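Q: Please find the sequence and the predicted model below.
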Amino acid sequence: MIRYRVLLVGAGQLGSRHLQGVKQVGLPLSINVIDPNPDSLELAKQRYEESFNSSFEHPIEFFHNLQSLKNKEFDLAIIATNSDVRRRVLEDLFRQNTVKSVILEKLLFQRREDFSVINEIFSKYNTRAWVNCSMRSMPFYQKLKEIFNLSVIRYAVSGSRFGLVTNLIHYIDHMIFLTGCSDFIVDPTHLDTKLIASKRKGFLEMNGNFHVYFKNGSTGIFTCYPEGDLPILVEVISKDARSISREWEKKA
């Protein structure tokens, strides 16, 4: 039996969820998981065992570093590390192994030059890459494309302490999906000037208002309040339709 080789780098809160998803793939896989933190590996093992089985039993191995895996050919690598080390992880991975496809978590990098460096690596090795912006694959948000039918929209998100910088990319990418337009400018002048600590240790977040203006006339307004417990509300409006999504209540 031919098994597809899958590598997961970064097995913390987000990476362990990726691992649960991989377990349910209905293809024969061979899975390798890497994380230098023993607690993260333990969490990943626990969540893997708790998740539903697919029609295949996937052999899985856990490692503390990339040095444990050399001269391997992976069909898919999922890079769920923090953004500050992602470039180095990718460079080390491709220096020692071959990877056909990559799924990357956002935010991708923290330095502008990292984008071009990693893009060159992907081009050199003919590797396909995707960023995990999942809203366009969620059934409800996917269905909205038929309803709004590439029309001009007003897209508004509001809530308290939901991680504005971290989540902006999801909403802007969903706007691109709904409008079919990827040409836009941003206005960050309404953001709060005070930076706050992110839930990820050593990282920063922002609150306030962030505006996006698309070439087709669509606008996005994203508001994050620094205090309170206001649930996230996602509203999309066109001249013909209105969608209201209360994400925390799983209602729309």
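A: Structure received.
Q: so how many other residues sit close to residue 38?
A: By the criterion of other Cβ atoms under 10 Å, residue 38 has 10 neighbours. All C-beta atoms are positioned from the backbone trio N, CA, C, and that covers glycine.
Q: Next up, the contacts around it.
A: residue 64 (Cβ atoms under 8 Å, 6 or more residues apart in numbering).
Q: could you measure it against residue 201, distance?
A: Separation of residue 38 from residue 201 (Cβ to Cβ, to the nearest Å) stands at 17 Å.
Q: Same question for residue 20.
A: From residue 20 to residue 201 the distance is 24 Å (Cβ to Cβ).
Q: Just want to know which of these two has more residues nearby.
A: Set residue 20 next to residue 201 and count neighbours by other Cβ under 10 Å: residue 20 wins out with 15 against 7.
Q: so the more buried one is in which element?
A: Per DSSP states H and E, residue 20 falls inside helix 13-23.
Q: number of nearby residues for residue 69?
A: The number of residues packed near residue 69 is 18, by other Cβ under 10 Å.
Q: hang on, the earlier thing: pull the residues that contact the helix holding residue 20.
A: Everything outside helix 13-23 that qualifies as a contact, by Cβ under 8 Å, 6+ apart, is 6, 8-9, 11, 29, 31, 33, 35, 40, 43-44, 47-48, 50-54, 58, 78, 80-81, 103, 105.
Q: Now the closest residue to residue 66 other than its chain neighbours. Its backbone dihedrals?
A: In space, and not counting its chain neighbours, residue 66 is closest to residue 92: 5.1 Å by Cβ to Cβ, 6 or more residues apart in numbering. Main-chain dihedrals, residue 92, degrees, to the nearest 10: phi -60, psi -40.
Q: by contact count, what packs against the lengthiest helix in the chain?
A: Longest helix of the chain, by residue count under DSSP state H: helix 164-179. Counting contacts by 3 or more Cβ pairs under 8 Å, 6 or more residues apart in numbering; DSSP states H and E, helix 164-179 packs against helix 139-148, strand 154-160, strand 204-205, strand 208-214, strand 219-225.
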